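In: For reference, the sequence and a predicted model appear below.
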Amino acid sequence: MRDDLLVQLQEWHEEDEFQEIVDAIQAIPVEERDYELVNHLGRALNNLERYEEAVEQFLTVAKEGTGDPLWHYRIGLAYYYLEQYAHALQAFERADQLEPDDEDTLEFLEWIRSKMEEEESVEKLVDNVPSVSEVSTPPFSVSQLEPTGFWNDSAEAVDQYVLAPPTDEQVESVEEQLVFKLPTSYINMMKLHNGGVPHYRHFPVSQAEAAKKVRIEVAGILGIGREKAHSLGGEAGSRFIIEQGGYPEIGVVICECPSDSEVVMLDYRESGNAGEPEVVHVDKKESYKITWLAPNFETFIQGLLNEENQPANLEGSL
């Protein structure tokens, strides 16, 4: 039965019947869709120019796609047409590593680098134009650095989570307290906006990992410091959550969830304490079930969605 479906999907693809593919796969329960079906769905969404939906689908099978050049090519194509060139470049460079000298991949890499050079030239021109605001206002604000509205800076969120940007000495001090080296992408992000509540709080769960959940939700991202209770070294920070909740000693709690029985953690089991950790979800109510989310912090942040399932545009903010 499944083989017949795959043959039919390929026939529809060759006949440009992409909506037929989408309808057929979406009629299958999410938990029954495997890696191959999700890739068919993502490819069809790309062909229908529904790139944001395609990215969401591809991210649900990110773990299985790590070594697949086609997965990287297809998600890279979606990022390219979303004009998220930094993400597209990363995907196509990985596709080229896995399958060197593919003509289509090399062509996209050339286009992406050209686009990024154009953007860089424009940014340099803008940077060289003096403005009145540079004289009359304080130095750069977080809102200027993050025009995409990633953060929900309500009074309550700022009061509970947001700290001043950490110095290098503060980063080292917190790392020493946690006994883990924090990811560079996380540190860079916290230097722009140190902790907080994002508008983009939902992350799709890999189909291979999903049981009851098809996506998880975060309540806030812990910043680097100790001043706020909801910070890595704070009174209700990573060590407190792990010790009080009985969570596994696999790394650092990086995000709180709406349910106090769930957390998102940096998982150092494969990388070692000084390596690049993976990102996982841990559910206390499910006997501390660990669900793999992303290969690193940057990929996790890039995969977050808002309530309308729209991804964040985070170019330059990590």
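Out: Perfect, thanks for sending it.
In: ok now whichever strand or helix holds Tyr186, how far from the chain's centre?
Out: Using DSSP states H and E, Tyr186 falls within helix 184-192. Going by CA atoms, centre = their mean, to the nearest Å, the spacing between the C-alpha centre of helix 184-192 and its chain's C-alpha centre is 14 Å.
In: got it, and stretch 229-247?
Out: That offset, for stretch 229-247, works out to 23 Å (CA atoms, centre = their mean).
In: And Ile75, how close does it get to Val61?
Out: 10 Å (CB to CB, to the nearest Å). C-beta: built from backbone N, CA, C; applies to glycine.
In: May I have the secondary structure class of the closest residue to Ile25 other than its chain neighbours?
Out: Using CB to CB, 6 or more residues apart in numbering and skipping the chain neighbours, the partner closest in space to Ile25 is Leu41 (4.5 Å). Per DSSP: H, G, I helix; E, B strand; the rest coil, the secondary structure class of Leu41 is helix.
In: And Leu41, how far from Val22?
Out: Using CB to CB, which is the criterion applied here, Leu41 is 6 Å from Val22.
In: If you count contacts, what does the helix or strand hosting Glu107 end up packed against?
Out: Taking DSSP H and E as the criterion, Glu107 maps to helix 103-127. Using 3 or more CB pairs under 8 Å, 6 or more residues apart in numbering; DSSP states H and E as the contact criterion, the secondary-structure elements in contact with helix 103-127 are helix 69-81, helix 85-98.
In: any idea which of the ones you listed is most buried?
Out: With neighbours defined by mean count of other CB atoms under 10 Å, none of these is more surrounded on average than helix 69-81, at a mean of 22.
In: so what's the closest residue in space to Leu89 that isn't next to it in sequence up against?
Out: Closest residue to Leu89 in three dimensions, ignoring its sequence neighbours and counting by CB to CB, 6+ apart: Ile112, at 4.9 Å. Neighbour list for Ile112: 80, 85, 88-89, 92 [criterion: CB atoms under 8 Å, 6 or more residues apart in numbering].
In: Okay, buried residues for stretch 4-21 please.
Out: Under the neighbour-count criterion of 16 or more other CB atoms under 10 Å, stretch 4-21 has 9, 12-13, 17-18, 20-21 buried.
In: Please identify the one among these that lies nearest to Gln177.
Out: Of all those, the one with the least separation from Gln177 (CB to CB) is Ile21, at 50.8 Å.
In: host element of that closest one?
Out: Secondary structure assignment for Ile21, by DSSP H and E: helix 18-26.
In: who does that helix touch, helix- and strand-wise?
Out: Judged by 3+ CB pairs under 8 Å, 6+ apart, the packing partners of helix 18-26 are helix 2-14, helix 35-47.
In: which residues are in contact with it?
Out: Outside helix 18-26, the residues that touch it by CB under 8 Å, 6+ apart are 5, 8-9, 12-13, 33, 37-38, 40-41, 43-45, 47-48.
In: just the angle between it and helix 35-47, please?
Out: 150 degrees (axes from the mean of the first three to the mean of the last three CA atoms, to 10 degrees).
In: And helix 18-26, how far out from the chain middle?
Out: In terms of CA atoms, centre = their mean, the gap separating the centre of helix 18-26 from the centre of its chain is 26 Å.
In: if we can go back for a sec, got a markdown table for the buried residues of stretch 4-21, with pLDDT and distance to Arg239 too?
Out: Below are the buried residues of stretch 4-21 laid out as a markdown table (pLDDT from 0 to 100; distance: CB to CB, whole Å):
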| residue | pLDDT | distance to Arg239 |
| --- | --- | --- |
| Leu9 | 92 | 49 |
| Trp12 | 93 | 53 |
| His13 | 91 | 51 |
| Glu17 | 94 | 55 |
| Phe18 | 93 | 50 |
| Glu20 | 95 | 53 |
| Ile21 | 95 | 48 |
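In: doesn't Leu266 fall inside a strand?
Out: Yes - counting by three-state DSSP, Leu266 is found in a strand.
In: before we move on, back to that, present the contacts of Ile112 as TSV; the columns should include pLDDT and distance to Gly251.
Out: Supplementary listing: the contacts of Ile112 in TSV, determined by pLDDT from 0 to 100; distance: CB to CB, whole Å:
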residue	pLDDT	distance to Gly251
Tyr80	90	33
Tyr85	87	31
Ala88	90	29
Leu89	91	28
Phe92	93	30
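In: quick one: which two of those residues are the most distant?
Out: Put simply, by CB to CB the two of the contacts of Ile112 set farthest apart are Tyr85 and Phe92, 10.1 Å from each other.
In: Sounds good, over and out.
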